[in-house]
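>>> From the sequence below, what's the structure:
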Amino acid sequence: MTTPHLHNLTRAAALAACLLTPVFAQASPLADLESEIKGVVADFDGARQTHETAPLGEVGEHQQATRVLQARQSAEERLSTALVRAIARDPELHAEFIAGAVAIAPEFQEVIVEQASESFPRYQTAITAAGTLWPATVLHVDHPDARSSASARLSGRKYIQLASNEVGGDNNVEDLGLDDLGEVEDLDDPIEPLNRFFFVITDAVDTIVLRPLAVLYGFVMPEQGKRSVRNAFRNLNEPRVFANKLLQAEFEGAGIAVGRLLVNTTVGVAGLFEVADEWGMPRQTADFGQTLYTYGIGPGPHVFVPILGPHSTRHAVGRVGDIVMDPMFWLVPSSITLPLAAGNAVTTRETLIEPLDALREGSVDYYTALRAAYYQNRLKTLRGEQGDEFDPDQTYQEPPQN
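All right, here's what the predicted structure looks like:
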């Protein structure tokens, strides 16, 4: 990059520092997120210091590094949950949320921008701009002069425009995506007391019955066996994927679903082995809730379905549709389908033991954190990605150090 461009970027960074530092002081949603992020950062710093200063005689160097990594993973999960919840409730403040979060937690800048962009693709350009147009290290959120500055009253829309102009870009605010609010899947929870009641009951059943069964299953079943069982259950879902792809007018996807069902049922031995993916037919996600989404039907209020967990109203209705369009519902007696459903629940819960334990441990309010995590994951499914299912084979990679 040429020297003039570096000079312009430096000027933009300085301008952004003055404009961004006080945003959290302007509205209660921003202040609430500020407090939560500061708590996450403080907890991580404390845990990291504790683990890094522990005598190596008590814990090995590898165990020490593992504990620091686990603390970072927990912090990243909490940050992602807090941001998704905040943006879902106040989407018009998405740029301010991201900029402020990066200002408070510059060490997590990469994961903040990545997770927010992934969860809210319509805002991706604006989120990236808010998180990366300026060096996060020059922001000082607690600077008293910056908080009292008149420029603090400028909105995120204005400061991004100013920074873009300073860099010399021709983009206007619309180009950055700030006016494209699109369809925001808001987390409207008007019956929260009732939802929390069902949550308490479901959590008790999970703690007493489902999680212990999942732990036992994970202990006795070898990894290859667990993978094969997951493949078999996914194969049973292909008819529903096919039906929903047709309803969504995605005929190529419907053809892939049929091909996957035929190949994995025959060559893959009743779906125990994933062969279709190697043959160029990747696994897809599709359900009736997603189909309703493509028809323009809104999410509706948040509901916590007993035993099944958090849902939007649309997703809950979609589950009924998925049951009706499943051939097994009509052709196979309940004496077989009910045990299969129970087995699927246990295998799914086994893949979620570590993620849900980390979410519970790292959250102040488990109900709120679970609701936000559901929302974040559900967005992937609505976009046709592999959401609604944790990939146990995905390994965590520590972000590169700059």
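>>> Let me see the ranges of the strands in the protein.
302-305, 309-312 (DSSP state E).
>>> mind giving me JSON lines with the ones you listed and columns for distance to Glu36 and mean pLDDT?
Where C-beta positions appear, they are placed from N, C-alpha and C, glycine not excepted. Converted to JSON lines, the strands of the chain look like this (distance: least, Cβ to Cβ, whole Å; pLDDT from 0 to 100):
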{"stretch": "strand 302-305", "distance to Glu36": "20", "mean pLDDT": "94"}
{"stretch": "strand 309-312", "distance to Glu36": "20", "mean pLDDT": "92"}
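>>> can you redo those as JSON lines with mean neighbour count and distance to Thr291?
Below are the strands of the chain laid out as JSON lines (neighbours: other Cβ atoms under 10 Å; distance: least, Cβ to Cβ, whole Å):
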{"stretch": "strand 302-305", "mean neighbour count": "20", "distance to Thr291": "19"}
{"stretch": "strand 309-312", "mean neighbour count": "22", "distance to Thr291": "14"}
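>>> want to throw these into TSV with distance to Ala214?
As requested, the strands of the chain are exported to TSV (distance: least, Cβ to Cβ, whole Å):
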stretch	distance to Ala214
strand 302-305	19
strand 309-312	14
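>>> do you know which of these lies nearest Ile112?
strand 309-312 (23.3 Å; Cβ to Cβ).
>>> elements contacting that closest one?
strand 302-305, helix 366-382 (3 or more Cβ pairs under 8 Å, 6 or more residues apart in numbering; DSSP states H and E).
>>> Can I get these in CSV including distance to Val324?
Listed next are the helices and strands packed on strand 309-312 as CSV, based on distance: least, Cβ to Cβ, whole Å:
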stretch, distance to Val324
strand 302-305, 17
helix 366-382, 19
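>>> Pick out the shakiest of the ones you listed, pLDDT-wise.
Note on those: helix 366-382 shows the lowest mean pLDDT, a mean of 81.
>>> the helices in the stretch 151-300 of the chain, which residues?
156-167, 192-205, 211-220, 223-236, 238-247, 251-266, 288-294 (DSSP state H, counting those that start in this stretch).
>>> okay, the shortest one in CSV with CA atoms only?
Right, helix 288-294. Output in CSV follows, covering the C-alpha atoms of helix 288-294 (Å, rounded to 0.1, in the frame of the first residue of the first chain):
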residue,chain,number,x,y,z
PHE,A,288,-40.8,-26.7,6.5
GLY,A,289,-40.0,-23.8,8.7
GLN,A,290,-37.4,-22.8,6.2
THR,A,291,-39.9,-23.2,3.4
LEU,A,292,-42.3,-20.9,5.2
TYR,A,293,-39.4,-18.4,5.5
THR,A,294,-38.9,-18.5,1.7
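>>> in that helix, what counts as buried?
288-293 (16 or more other Cβ atoms under 10 Å).
>>> before we move on, the earlier item: tell me which of the helices and strands packed on strand 309-312 lies nearest to Ala99.
Of the helices and strands packed on strand 309-312, the one closest to Ala99 (Cβ to Cβ) turns out to be helix 366-382, at 19.8 Å.
>>> In space, what's closest to Glu76 - neighbours in sequence excluded?
Val111 (5.0 Å; Cβ to Cβ, 6 or more residues apart in numbering).
>>> That neighbour contacts Arg78, doesn't it?
No. Using Cβ atoms under 8 Å as the test, Val111 is too far from Arg78 to be in contact (11.0 Å).
>>> Hmm, Ala54 is touching Glu61, no?
No. Using Cβ under 8 Å, Ala54 is not in contact with Glu61; the gap is 10.5 Å.
>>> Comparing the two, which shows the higher neighbour count?
Between Ala54 and Glu61, Ala54 has the larger neighbour count (other Cβ atoms under 10 Å), namely 13 against 8.
>>> Please state the backbone phi and psi of that one?
phi -70, psi 140 (degrees, to the nearest 10).
>>> Now it: closest residue in space, sequence neighbours ignored.
Looking at Ala54 with Cβ to Cβ, 6+ apart, the closest residue is Gln64, at 6.3 Å.
>>> And that neighbour, what's its pLDDT?
The confidence metric pLDDT takes the value 72 at Gln64.
>>> same question, Arg157
pLDDT, Arg157: 36.
>>> now do the one 5 residues further on
The model reports Leu162 with a pLDDT of 37.
>>> In stretch 202-218, which residues are buried?
202-203, 206, 210-211, 213-214, 217-218.
>>> follow-up on the earlier one: tabulate the buried residues of helix 288-294 in a markdown table, adding columns for distance to Arg89 and pLDDT.
Converted to a markdown table, the buried residues of helix 288-294 look like this (distance: Cβ to Cβ, whole Å; pLDDT from 0 to 100):
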| residue | distance to Arg89 | pLDDT |
| --- | --- | --- |
| Phe288 | 26 | 93 |
| Gly289 | 21 | 92 |
| Gln290 | 23 | 92 |
| Thr291 | 26 | 93 |
| Leu292 | 22 | 93 |
| Tyr293 | 20 | 91 |
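>>> what's the closest of these to Tyr374?
When the buried residues of helix 288-294 are compared against Tyr374 (criterion: Cβ to Cβ), the nearest one is Gly289, at 12.2 Å.
>>> what sits against that closest one?
By Cβ atoms under 8 Å, 6 or more residues apart in numbering, the residues touching Gly289 are 312, 314-319, 321-322, 381.
>>> let's see it at 7 Å
For Gly289, the contact set (Cβ atoms under 7 Å, 6 or more residues apart in numbering) comprises 314-315, 318.
>>> Ile353 too?
211, 214-215, 218.
>>> what's the pLDDT at it?
90.
>>> just to revisit the earlier point, would you turn the contacts of Ile353 into CSV with pLDDT and distance to Gly255?
As requested, the contacts of Ile353 are exported to CSV (pLDDT from 0 to 100; distance: Cβ to Cβ, whole Å):
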residue, pLDDT, distance to Gly255
Arg211, 95, 39
Ala214, 95, 35
Val215, 95, 40
Gly218, 93, 36
